[in-house]
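Colleague: this is a predicted model, with the sequence first.
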Amino acid sequence: MDSHYDEFGNYIGPELSDDSDSDGGADANDQQVRSRDVDNGTAGMDVDGDDAEENFETAIVLAEDKKYYPTAEEVYGPGTETLIMDEDAQPLEEPIIAPVKKKQIEADRGKNALELKVSEEYLRGLMGNANLVRNVAVAGHLHHGKTTVFDMLVEQTHHVDDAIVHADDRALRYTDTRLDEQDREVSIKAVPMSLVMPNGAGKHLLFNMMDTPGHVNFSDEVTASYRLSDGVMLVVDAVEGVMCGTERLIKHAAKERLPICVFVNKVDRLILELKLPPADAYHKIRHTLEEINAIIEATYGGDENAPFADPVKGSVCFGSAKYGWSFTLNSFARLYADIRGVDMDTQAFARRLWGDMYFNEETRTFRRKPPPGGGDRSFVQFILEPLYKIYSQAVGEHQASFARVLAELGVTLKPKEYRMNTKPLIKLACTKIFGDASGLVDMLCAHVPTARGGAPAKVENAYAGPLAGADGQSCVNTMRACDPNGPLQVMVAKLYPKDDCSSFDALARVMSGTLKKGQNVRVLGEAYSPDDEEDCAVKQVTNLWVYQARYRIPVEEVAAGAWVLVEGIDGSISKTATLVAEYGEEDAYVFRPLAFDNQSVVKIATEPLNPSDLPKMVEGLRKINKSYPLAVTKVEESGEHTIMGTGEIFLDSIMKDLRELYSEVEVKVADPVVTFCETVVETSSLKCFAETPNKKNKITMIAEPLDKGLAADIENGTVSLKWPKKKLGDFFQNKYDWDILAARSVWAFGPDEKGANALLDDTLPGEIDKSLLNAVKESIVQGFQWGTREGPLCDEPIRNVKFKILDAIVADQPLHRGGGQVIPTARRVAYSSFLMASPRLMEPVFACEIQTPADCMSAIYTVLSKRRGHVIADNPKPGTPVYTVKALIPAIESFGFETDLRYHTQGQAFGQSYFDHWAVVPGDPLDRGIVLRPLEPSPVQALAREFMVKTRRRKGMSEDVSVQKFFDDTLLAELAKADAGIEGIM
């Protein structure tokens, strides 16, 4: 065989047989095999497995013919449709099966939930009796201890680990549920808790309490809390006393008709920080209460029923939430009776523990004059001196003497407890001495009405419908009676995001009827009315909870008077809403929108870093609008998305939520700006008129400044167009000295019913046809409100302007005087009369309250002077080494002010800013002679021009006002003849 191949392996042997012979031989062999199979009965059967495997392995199969996976028909059966895609429709970064996302927005929600000392069933039972429920908002200035008060109450109503209670380095901060609240140590959201607490007689009551933010930027959360509450517990720092936030909260509570009781917190600071003698500490506390009463008296105008802070009447509670103790005069008197083991009239004793009352040791009586040898007031002798003794002994670390002091008070501690650090030792001793917060509970019971008792005032203040039962509103009487069997009426005041931030739960108060899980309800939005039912949707209540800050208690139904967290209804809610039964009264009315004591005047523009993420950002902005009551989101004509808020920290919190929770995209932010208003400083130089496009109607109007103070009266609701004409006329005649014709000819306020502009019909019946004018009244009012909503200078609202209709020519036929003709014409004539009345810009001005040492005063004046600000008052804070400086600063100059302030004072000064009023910007915005130089600060008289031009540029408008849009050709010709000096605006 080797001879048939050469050394390279090539075949060199004899020629092989023909292929035909080979094929023939193979065919013959195949025939023989087939015949054998038939004979053996194996025809059609599979060959041996080994032979088949051998044949498969040796077969040559092209790559494109190989089969790696079974077909869809083999897997799913016949009839399966197979689609071939050129590319994956799902992005590569998106997983095929998305994991369940739970965003960490709150601290320990659902984890380490504290256990109530009473059963959940007992709490649910108390919710069903409106006479045992009290709804209270806990309010106060920043860092005055509201959250710490809640910690004290949580520790007394829940089973809390002793290691947490007696921690020396950190506070519980149980109601600061958000992570950023824990980091900033500032409350951002109002958080409710339902606490079961005993009063002095041992009877347990349910208190729905809301922990509200103290920072003035988040005052909208306080407003939402006030809407749900029947009373306010005002927390005041004993050292700082009354601050700007305290004063605003008192005035806001008076506006909402809520009773006030006071908790004087941080009394320990008088002892440990200021180290005041007991007599001086008494005067400091008394001065703080006098400041509060002065504000209440000024707010209520000398009303005898004003809620003055009076310790004798039990409306004041003293305490230190940090150290876990509180008392009223009555509870302290009961404490003395228990310690002494005597039976005495504790109320009579309590009345003698405040004011200029002195105890005579010899006669054992109380007198209003000090004894001959001198002596301390009873509050100092019986209350402050024992407190000072407890603190001094604990701080002094004399165990034996401290034990003797505690023994006199009937308290004993274990030896190891005396070795605790000072703070937990004082807290432990005080909690054993004072016990629970029964004194605080007694104060709330005496001065805050029950849910049933507070319902009538709540209905009158918040319900937008007619209050007389004769008008078909049967639900009004059941709401006043807080009837659980009446028609369903639920007031939604606030929304809270769920864990994944995809939807919201609504915090509401049931005003009438009973809300049940699984029930279908009609959700009425703020714009709903019986005449316009568009803002209405039917939703199913999927879940009900009692909201307990970091955990929730599920309930099946909630009766009138209680607070409840509702799931499944947020889809159609923007800010607030009203829930009624699905098939309830057809002419249902809603509860009024929240009346805030602050305004959103700071504005930022946002856009996504990746343009394709715009839909996500827009959805996030929609959720921001729900989450923050005072947030306003808007799309400008230029296409930019803007957010308006109350201040820098407010917008900073919004942007954090937008980026991390609601849109989860990178968002770019423009430099902050402020909103402006447009106004006039003179009366229109000429009568301005405008004709409708069909030349069938003509309206003549002038503009002039509104009377001083009237804008505030309109915005505060002091005057309303819903009043009878005679009452309205008397108001304007008596307060603003209007003539009777003008007083009774007010058509509308604008841009809404509480807008700071007025439209007057100054025509005479003998000169025009009043019936025709009244036929187009609604259209003229709509044009006026449209114009005042977006002014001609830079599309900002008009303010403080009175528009007077002097003449009107109205077509006889209704076809020629339709809204499409009259509304744009009324807007145009309002603009033209506005531009002829020396238009000006108005800017928001912030009020600042700064706490600073005396040696930093000059630095504060320097910082303010660089920002067009000025000081209006600087006074020392009594009993402290601190000065309180009150100043005004334009909002547009306030960005970075607090940081600048801390820098120049080495962190010793701390201030807060909030909206105070509107002020006219210096200069003429229509003066084209002013040259704006880039990167250079403009002089004061050029500010109005600069603000207008830059605002128009930002909104995508031309730099100057186009007069041709607002003036008819015939009016321009008349102005030119009269030489009215319009060249400045042409």
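Modeller: That came through fine.
Colleague: please enumerate the helices of the stretch 601-750 of the chain.
Modeller: For the stretch 601-750 of the chain, the helices defined by DSSP state H, counting those that start in this stretch cover 614-627, 648-657, 710-715, 725-736, 740-743.
Colleague: ok, which of those comes nearest E778?
Modeller: Between E778 and the helices of the stretch 601-750 of the chain, the shortest gap by Cβ to Cβ is with helix 725-736, which sits at 17.6 Å. C-beta here means a position set from N, CA and C on the backbone, and glycine is covered the same way.
Colleague: helices or strands next to that closest one in the packing?
Modeller: When contacts are defined as 3 or more Cβ pairs under 8 Å, 6 or more residues apart in numbering; DSSP states H and E, helix 725-736 packs onto helix 740-743.
Colleague: buried sites along the helix it packs on?
Modeller: A742, A743 (16 or more other Cβ atoms under 10 Å).
Colleague: domain assignment for the chain?
Modeller: The chain breaks down into these domains under automatic domain parsing: 1-85, 115-447, 464-581, 603-674, 678-838, 843-965.
Colleague: how about a markdown table for those, with mean pLDDT and distance to I96 added?
Modeller: Shown next, in a markdown table, are the domains of the chain (pLDDT from 0 to 100; distance: least, Cβ to Cβ, whole Å):
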| stretch | mean pLDDT | distance to I96 |
| --- | --- | --- |
| domain 1-85 | 61 | 14 |
| domain 115-447 | 92 | 31 |
| domain 464-581 | 91 | 19 |
| domain 603-674 | 94 | 20 |
| domain 678-838 | 92 | 48 |
| domain 843-965 | 93 | 43 |
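Colleague: distance to R592 for the ones you listed - can I get that in TSV?
Modeller: Below are the domains of the chain laid out as TSV (distance: least, Cβ to Cβ, whole Å):
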stretch	distance to R592
domain 1-85	55
domain 115-447	9
domain 464-581	5
domain 603-674	14
domain 678-838	10
domain 843-965	21
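Colleague: hang on, F218 in a helix?
Modeller: Yes - using DSSP: H, G, I helix; E, B strand; the rest coil, the assignment for F218 is a helix.
Colleague: contacting residues for it?
Modeller: S187, I188, K189, T646, F650 (Cβ atoms under 8 Å, 6 or more residues apart in numbering).
Colleague: looking at the residues you listed, which is nearest F382?
Modeller: Ranked by distance to F382 (Cβ to Cβ), the contacts of F218 are led by S187 at 35.4 Å.
Colleague: gap between that closest one and G231?
Modeller: Applying Cβ to Cβ, to the nearest Å, the value for S187 to G231 is 20 Å.
Colleague: ranges for the strands of the stretch 401-550 of the chain?
Modeller: All strands of the stretch 401-550 of the chain, identified by DSSP state E, counting those that start in this stretch, fall at 489-497, 504-512, 514-516, 520-524, 536-540, 543-548.
Colleague: same deal with the stretch 701-850 of the chain?
Modeller: So, for the stretch 701-850 of the chain - with DSSP E, counting those that start in this stretch - the strands run 746-750, 757-761, 801-809, 839-853.
Colleague: any idea of the angle the second one forms with helix 725-736?
Modeller: With axes from the mean of the first three to the mean of the last three Cα atoms, to 10 degrees defining the directions, strand 757-761 sits at 120 degrees from helix 725-736.
Colleague: residues touching strand 757-761, excluding its own?
Modeller: Contacts to strand 757-761, defined as Cβ under 8 Å, 6+ apart, come from residues 706, 710, 714, 742, 745-751, 773, 780-781, 784, 788, 798-805.
Colleague: please apply the same query to the first one.
Modeller: Residues from elsewhere that reach strand 746-750, judged by Cβ under 8 Å, 6+ apart: 714, 721, 728, 732, 755-761, 777, 780-781, 784-785, 787-789, 798, 805.
Colleague: repeat that for stretch 494-506.
Modeller: Contacts of stretch 494-506 (Cβ under 8 Å, 6+ apart): 101-103, 105, 109, 189-190, 221, 224, 228, 492, 507, 545, 547, 565-567, 569-571, 573, 576-577, 623, 626-627, 629, 661-662.
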